[in-house]
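Asks: only geometry, no sequence info:
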Ligand code: PCA
């Protein structure tokens, strides 16, 4: 199983982005049996991130694409269920573009779902003692747009599965935000490894309850 893992460059005034550190650290490790993996670090730019991802998918022809990004304020690894066809940027991206009310893909569907086995992935991380939840909003910024573009691109690659994982701040980032949750990069790396293994084991999802009331 060929796996492409993507992380993002820093944004929003931060000097690091643990999503990039985590995917680079993971892919430096020797891959488990039956798996080969490759890391790709993407700019926090609505357009360019999607272009680079599409180019990498065409070049590498992966079986699995896990895109990872930071969502400061989240308290767990968040397995994103849905990406919406909306660009609504509270801050400009790293190219200076700040879209409002635009589509990610004009004429595209309102939303795409991840086609990863999210409930099995959640169970696997819970068994490992790693905080995890299924999330029903990836926001409206570059991460949501990347996930939308990923799932849109995968309509032409039906043998490939993909989705998006948001991660909390790293501990160093919350040194000056004492009320914010954080997760060590080592824990994120361990979690991503489990997610890859889970996708290798589960072609289809398990049955379990999920959902949110808020
Ligand atoms: N998080 C941002 C974009 C890059 C990243 O790591 C987001 O959640 O949209």
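Replies: Done, it's in. All of these numbers come straight from a predicted model, not from anything done at the bench.

Asks: where does the protein come near the ligand, residue by residue?
Replies: Residues of the chain lying near the ligand by CB under 6 Å from any ligand atom: 8, 11, 17, 19, 44, 69-71, 139, 141-143. For glycine as for every other residue, the C-beta is placed from the backbone atoms N, C-alpha and C.

Asks: which two from those residues end up farthest apart in space?
Replies: 17 and 139 (15.0 Å; CB to CB).

Asks: Looking at these two, which has the bigger crowd around it?
Replies: residue 17 (23 against 20; other CB atoms under 10 Å).

Asks: How about the contacts made by that one?
Replies: 7-11, 44, 69-70 (CB atoms under 8 Å, 6 or more residues apart in numbering).

Asks: can you redo the residues of the chain next to the ligand as CSV with distance to residue 186 and secondary structure?
Replies: Formatted as CSV, these follow (distance: CB to CB, whole Å; DSSP: H, G, I helix; E, B strand; the rest coil):
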residue, distance to residue 186, secondary structure
8, 19, strand
11, 22, coil
17, 16, coil
19, 14, helix
44, 24, coil
69, 18, strand
70, 16, strand
71, 19, coil
139, 25, coil
141, 26, coil
142, 25, helix
143, 22, helix
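
Asks: Please indicate which of those residues are buried?
Replies: 8, 11, 17, 19, 44, 69-71, 139, 141-143 (16 or more other CB atoms under 10 Å).

Asks: Out of those residues, flag the one nearest to residue 105.
Replies: residue 142 (14.6 Å).

Asks: List the contacts of the helix ranked longest in the chain.
Replies: Identified as the longest helix of the chain according to DSSP state H is helix 185-201. Helix 185-201 has contacts (CB under 8 Å, 6+ apart) with 1, 3, 5, 18, 21-23, 25-26, 29, 32, 34-35, 37, 64, 66, 68, 77, 79, 116-117, 120-121, 124-125, 128, 130, 132, 161, 165, 167, 170.

Asks: From these, keep the buried residues only.
Replies: By 16+ other CB under 10 Å, those give 1, 3, 5, 18, 21-23, 25-26, 35, 37, 64, 66, 68, 77, 79, 116-117, 120-121, 124-125, 130, 132, 161, 165, 167, 170 as buried.

Asks: Which of the residues you listed fall in strands?
Replies: Judged by DSSP state E, the buried ones among the contacts of helix 185-201 include 3, 5, 37, 64, 66, 68, 77, 79, 132, 161, 165, 167 as members of strands.

Asks: What sits closest to the last one if chain neighbours are left out?
Replies: The reference is to residue 167. residue 188 (5.2 Å; CB to CB, 6 or more residues apart in numbering).

Asks: just to revisit the earlier point, in TSV, list the contacts of residue 17 along with pLDDT.
Replies: Listed next are these as TSV, based on pLDDT from 0 to 100:
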residue	pLDDT
7	99
8	98
9	98
10	98
11	98
44	98
69	98
70	98
